[in-house]
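*Asks:* Attaching a predicted model along with its sequence, questions to come.
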Amino acid sequence: MKKELIKKLHGRFEDCAKEHDGLEFWFARDLQELLGYKEWRNFLKVVEKAKKACRGASQPIDDHFVDVNKMIELAKGAKREIEDISLTRYACYLIAQNGDTSKREIAFARHISLFRPENRR
């Protein structure tokens, strides 16, 4: 993979990071798009696999996967509340490890260890 593409994709991941009270997190719906999933219901299956892997690693799931609600804008300025999940970097890593390997984005995330803290820009 070309160095420019790696920088671009890595930058997109880091640009999606949010911060609250000094804690870094990502919204699952943002990660869904970054990892090439079009439908939330399909992405949720991967999230569930990642939660099982988290449990298997003896990590508290609630520390890495937090259910949240957020407002989104619809057409003509309307707003609607949707379900989302706040994810730690570790949760993002587990999702990539349990994702569909035929997706280019998943292969990329696995290949460069995208989610390791030392790979931050």
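*Replies:* Ah, there it is. Everything numeric here is computed off the predicted structure, so don't read it as measured data. Numbering: from 1, shown residues only.

*Asks:* Just the CA trace of stretch 9-19, in CSV.
*Replies:* Coordinates of each C-alpha in stretch 9-19 appear next as CSV, following Å, rounded to 0.1, in the frame of the first residue of the first chain:
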residue,chain,number,x,y,z
LEU,A,9,-6.5,6.5,6.0
HIS,A,10,-4.7,6.8,9.3
GLY,A,11,-5.4,10.5,9.4
ARG,A,12,-9.1,9.8,8.8
PHE,A,13,-9.2,7.5,11.8
GLU,A,14,-7.4,10.0,14.1
ASP,A,15,-9.6,12.8,12.8
CYS,A,16,-12.7,10.9,14.0
ALA,A,17,-11.4,10.8,17.6
LYS,A,18,-13.3,12.7,20.2
GLU,A,19,-12.4,13.7,23.7
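
*Asks:* what does the average pLDDT come to for it?
*Replies:* On average, the pLDDT along stretch 9-19 is 85.

*Asks:* for stretch 87-102, same thing?
*Replies:* 92.

*Asks:* and the residue lying closest to Phe25 once chain neighbours are set aside, what helix or strand is that in?
*Replies:* If the residues on either side of it in the chain are set aside, Phe25 comes closest to Ser86, at 4.7 Å by Cβ to Cβ, 6 or more residues apart in numbering. For every residue, glycine as well, the C-beta is placed using N, CA and C. Element membership of Ser86 [criterion: DSSP states H and E] is strand 79-87.

*Asks:* which residues touch that strand?
*Replies:* With contact meaning Cβ atoms under 8 Å, 6 or more residues apart in numbering, strand 79-87 is reached by 25-29, 31, 47, 64-74, 95.

*Asks:* where in the protein is pLDDT low?
*Replies:* 1-3, 5-6, 111-121 (pLDDT under 70).

*Asks:* mind listing the strands for it?
*Replies:* Along the chain, the segments classed as strands by DSSP state E run 18-20, 23-27, 65-73, 79-87.
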